[in-house]
Structure formats: structure tokens, C-alpha cells
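Asker: give me a model of this one.
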Amino acid sequence: QVQLVESGGGLVQAGGSLRLSCAASIRAFNIYAMGWFRQAPGKEREFVAGISGSGGATYGGDSVKGRFTISRDNAKNTVYLQMNSLTPEDTAVYYCAARKFVVLRDRRAYDYWGQGTQVTVSS
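Answerer: Residues are numbered from 1 along each chain as shown. Reported below is the predicted structural model:
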């Protein structure tokens, strides 16, 4: 049974930083590509960042390039999202997701999802 559990969300002022974590209970974690998505009220869930199973390849959404960094620690079955220079537009529920092998930007391609963690950025 696969379980993804996000943590690290909260309230932060504009310009601040947060680091999200996603702990995964998955066998052979290193064959899973991991993605971070976010969903703001009234908007579709959008791709934020993705990382390959080995961690050797990372991908970022256009709205967060240069500000957010995804990483993973396969020894801990955990993926991270370091978020810097946060703006109120980053306010959303952030989800981690898993799929085998290849990072894709389409949320429909992911097989497993966490419950989400709220990030609120105040101006």
C-alpha cells in the first residue's frame, strides 16, 4: 500500500521561505518519479516541480523557476520542495505525487497522491 504524507506547510510573509517534505511509503522508491503540484481556490491543480527517481533530473513549472527547488533523499524515502521568495500568488494546497519512471507535468499521469499541505503567503 502506497502512502504519501506531506508536511511543512504554514503561514509565511511575502519574501519568506518554506521547505515542504513528502515522506513516501513505497517499495523501490528510487524507480518513482516524484512531483509537486499545487491547487489554489477556484483553480486547476498545476505542476510545480518534478524529479526523477535517481534525483539526477529536475523540472520546474514556469511560475516557480528560480525560486523553488525540488530534491530527494532516497535513503529516507523523502522528497523536498524548497520554496524561496514566496509571494501571495504561491498560496495554495501543495500535493506530492508519484508515478513510475518518468516525470510528467500532467497531473492525470500520477498514480499516487498525498493529502496535501496548506501554504499561505501573506502580503
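Asker: and the strands in this structure?
Answerer: Assigned by DSSP state E, the chain shows strands spanning 3-7, 10-13, 18-25, 32-39, 46-51, 58-60, 68-73, 78-83, 92-100, 112-113, 117-122.
Asker: just those strands: most buried one?
Answerer: strand 32-39 (a mean of 24; mean count of other C-beta atoms under 10 Å). No exception for glycine: its C-beta is placed from N, CA and C like everyone else's.
Asker: show me what the helix or strand bottoming out on mean pLDDT in the chain is packed up against.
Answerer: Scoring the helices and strands of the chain by mean pLDDT, DSSP states H and E places strand 58-60 at the bottom, with a mean of 94. For strand 58-60, the packing partners by 3 or more C-beta pairs under 8 Å, 6 or more residues apart in numbering; DSSP states H and E come out as strand 46-51, strand 68-73.
Asker: how about JSON lines for those strands, with mean pLDDT and distance to residue 116 added?
Answerer: Shown next, in JSON lines, are these (pLDDT from 0 to 100; distance: least, C-beta to C-beta, whole Å):
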{"stretch": "strand 46-51", "mean pLDDT": "98", "distance to residue 116": "12"}
{"stretch": "strand 68-73", "mean pLDDT": "98", "distance to residue 116": "16"}
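Asker: which one of those strands lies closest to residue 111?
Answerer: Proximity to residue 111 (C-beta to C-beta) singles out strand 46-51 among these, at 14.0 Å.
Asker: show me what contacts the residue nearest to the spatial centre of the chain?
Answerer: Using C-alpha atoms, centre = their mean, the residue of the chain that lies closest to the mean C-alpha position is residue 36, 2.3 Å off. Residue 36 makes contact with 20, 22, 47-50, 68, 70, 79, 81, 94-97 under the criterion C-beta atoms under 8 Å, 6 or more residues apart in numbering.
Asker: check residue 121 too.
Answerer: Counting by C-beta under 8 Å, 6+ apart, residue 121 makes contact with 11-14, 16, 86-91.
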